[in-house]
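Peer 1: Sharing a model that was predicted from the sequence below.
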Amino acid sequence: MTQSLRESIKQGLTEATKAQDKRRMATLRLIQAALKDRDIAGRTDGRDAGVSDAEILDVLSKMVKQRRESIGIYESAGRMELAEREKEEVEIIESYMPKQLSEEETAAAVEAVISETGAASIKDMGRVMGELKKRHAGQMDFAKAGALVKGKLA
């Protein structure tokens, strides 16, 4: 049986604690806190089982995006030590995510979904993006994919 994403994060935290890897411990604890918040929010919606792996990937994607924005801010302010710390956190978080698609692979995926859904105009963008998110959760930057879809359908 394959390990769930939540279990592998928990195991990673245990290993980091034993190795006294402080950066990894702190980052994995942040991930667990974000997941716990999502679990609690889910309970109010009637979902008691906790978040799925797809939702965990969504949380991880948002965490990476936030850190990338912070890196840009820190670098423009000349705070290289803080930017470096954020880069380390991005690497740790991304180690729990599927391999990101390259720009060529993203463009190919966009083309495939547009042709399969028969999308012809900008009105079909939501349907195309929904299908991309279903197929490639955690594997692509949906902001860039959205721009590609818009360009193809406009």
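Peer 2: Arrived safely, thanks for sending. Because the structure is a prediction, the values reported are computed rather than measured. Numbering: from 1, shown residues only.

Peer 1: who's sitting farthest from the centroid in this protein?
Peer 2: A120 (28.6 Å; C-alpha atoms, centre = their mean).

Peer 1: any idea which helix or strand carries that residue?
Peer 2: Using DSSP states H and E, A120 sits in no helix or strand.

Peer 1: ok, now how distant is the residue nearest the centre of the chain from Q20?
Peer 2: A centroid search over the chain (C-alpha atoms, centre = their mean) returns S61, at 1.7 Å, as the residue closest to the centre. Distance of S61 to Q20, given as C-beta to C-beta, to the nearest Å: 29 Å. In short, each C-beta sits where N, CA and C put it, glycine included.

Peer 1: again with G118
Peer 2: For G118, the distance to Q20 (C-beta to C-beta) stands at 56 Å.

Peer 1: Equivalent analysis for A108, please.
Peer 2: Counting by C-beta to C-beta, the gap from A108 to Q20 is 43 Å.

Peer 1: Of those two, which one has the most company?
Peer 2: Neighbours around A108 and Q20, counted as other C-beta atoms under 10 Å, are more numerous at A108. The numbers are 12 against 8.
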